[in-house]
Structures are given as C-alpha cells and as structure tokens.
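S.K.: this one's structure only:
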C-alpha cells in the first residue's frame with residue numbers, strides 16, 4: 001500500500017510536467033506549481049494516506065478479533081469511516097459545503113467498505129508468504145475474484161474523478177483547477193493500466 005502511494009506521488013509530479021503549459025509565463029509558474037506539489041505530497045498526501053492505511057488495518061484486525069459478521073462489520077464501518085474520511089485527499093481538498101460533496105463522501109465510504117473487506121481477506125491468510133504476490137494469491141485463490149475486486153475499486157475512483165470533472169468548483173485549490181482535473185484523469189488511466197498489468201503478472205506466476 002505504501003509503495004503504491006509512493007508510485008502515485010512520483011507519477012503526479014511527472015504528469016505536472018506534461019500537463020502544465022502556461023504559455024509565456026511557463027518558466028515562472030511551473031516551478032511554483034512544482035514546489036507546491038512537492039510540499040503537499042511530502043506532508044499532506046503521505047500523512048493522510050498512511051493514516052488511511054492504518055485505519056483500514058486496525059479496523060480489519062478489530063473485526064477479526066470481535067467476529068467477522070455483518071453486525072460487527074457495519075459497526076466498525078460507522079466507527080472508523082469518519083477517521084478514514086478525515087484523511088482522504090479528495091475530502092481534504094474539496095469544499096464540504098459544495099452541492100456535490102455528499103456524492104464524493106458516499107464514494108469514499110463505498111471505497112472504505114471495499115478496502116476493509118480486502119484487508120480482512122489478507123489478514124485471514126495463514127500460509128507462509130514471501131511477497132505481496134504470494135499474499136494476493138493466498139487471499140484470492142482465483143484470478144477472477146481478485147480482478148473483480150480491483151475493477152470495483154477502480155470504479156469507485158472513476159466515479160470520484162467524474163464528480164470533480166463535472167464541476168471543478170468543488171476543489172478548494174485557489175488556482176490550477178483545470179490542471180488538477182487533467183492530472184487526476186491522466187494519472188487514473190495510467191495507474192489503472194499498471195494495476196491490471198500487475199494483477200495479470202501476479203496470477204500468471206502460478
């Protein structure tokens with residue numbers, strides 16, 4: 001999870017180079033945007049994402065300890081989701097008073113629920129595993145199941161991006177909303193392709 005975060009941050013910086021074109025003022029504005037992105041990614045993104053990872057792992061562990069049933073699952077979701085949402089980058093960088101914020105919040109909740117189900121599957125693995133690929137194959141014995149789960153997560157991300165694309169005024173960033181939206185879209189398409197490739201490689205090793 002942490003490696004995926006680092007890869008996404010690196011990709012975001014690379015995409016700023018390709019998406020940012022401010023004409024004659026390029027040599028002045030581009031360094032400013034890059035500096036802002038570097039500060040933001042070093043602090044806000046890492047802090048928030050690490051918190052989300054910890055909330056997901058703690059919630060999964062608590063669910064296994066107290067019993068993985070529907071009642072406990074729903075209880076943990078209601079208790080843990082506010083902490084997950086508080087660390088969510090979309091929530092942090094979008095206006096909570098915007099008319100579309102509740103839609104974004106709902107997508108975040110569905111994402112967390114699906115993450116929690118996935119984390120529980122990983123934590124239930126009892127076999128000795130060497131790496132993440134082994135862990136995936138032990139948790140999801142069939143490629144079709146892992147693929148279905150990945151597609152579901154990608155669908156949630158797609159829905160969140162579309163909400164922002166349809167009305168960028170939801171973003172709290174003072175300038176560069178179009179750049180942010182283009183970078184989100186381009187980054188998502190690149191990451192989606194990489195995730196699908198990685199999943200195929202993981203299950204072709206069997």
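M.R.: Cool, got the structure. If you're wondering where the values come from, they're calculated on a predicted model, not measured in any experiment.
S.K.: only C-alpha atoms from now on, for both contacts and neighbour counts.
M.R.: Fine.
S.K.: any idea how far the longest helix seen in the chain is from the middle of the chain?
M.R.: Looking across the chain with DSSP state H, the single longest helix is helix 177-204. Offset of helix 177-204 from its chain centre (Cα atoms, centre = their mean, to the nearest Å): 11 Å.
S.K.: could you list the buried residues of that helix?
M.R.: For helix 177-204, a neighbour-count test (16 or more other Cα atoms under 10 Å) marks 177, 180-188, 191-192, 195, 199, 202-203 as buried.
S.K.: one more: stretch 87-96?
M.R.: 87, 88, 90, 91, 92, 94, 95, 96.
S.K.: of the buried residues of helix 177-204, just say which sits nearest to residue 136.
M.R.: residue 202 (7.9 Å; Cα to Cα).
S.K.: next structured bit after the helix-or-strand element of the chain with minimal mean pLDDT?
M.R.: When the helices and strands of the chain are compared on mean pLDDT, DSSP states H and E, helix 26-40 comes out lowest with a mean of 57. Following helix 26-40 in sequence order, the next helix or strand is helix 46-66 (DSSP states H and E).
S.K.: what distance separates that following helix from the centre of its chain?
M.R.: 14 Å.
S.K.: helices and strands around the helix or strand just after it, which ones?
M.R.: Per DSSP H and E, the first helix or strand lying C-terminal to helix 46-66 is helix 70-87. Helices and strands touching helix 70-87, by 3 or more Cα pairs under 8 Å, 6 or more residues apart in numbering; DSSP states H and E, are helix 46-66, helix 101-123.
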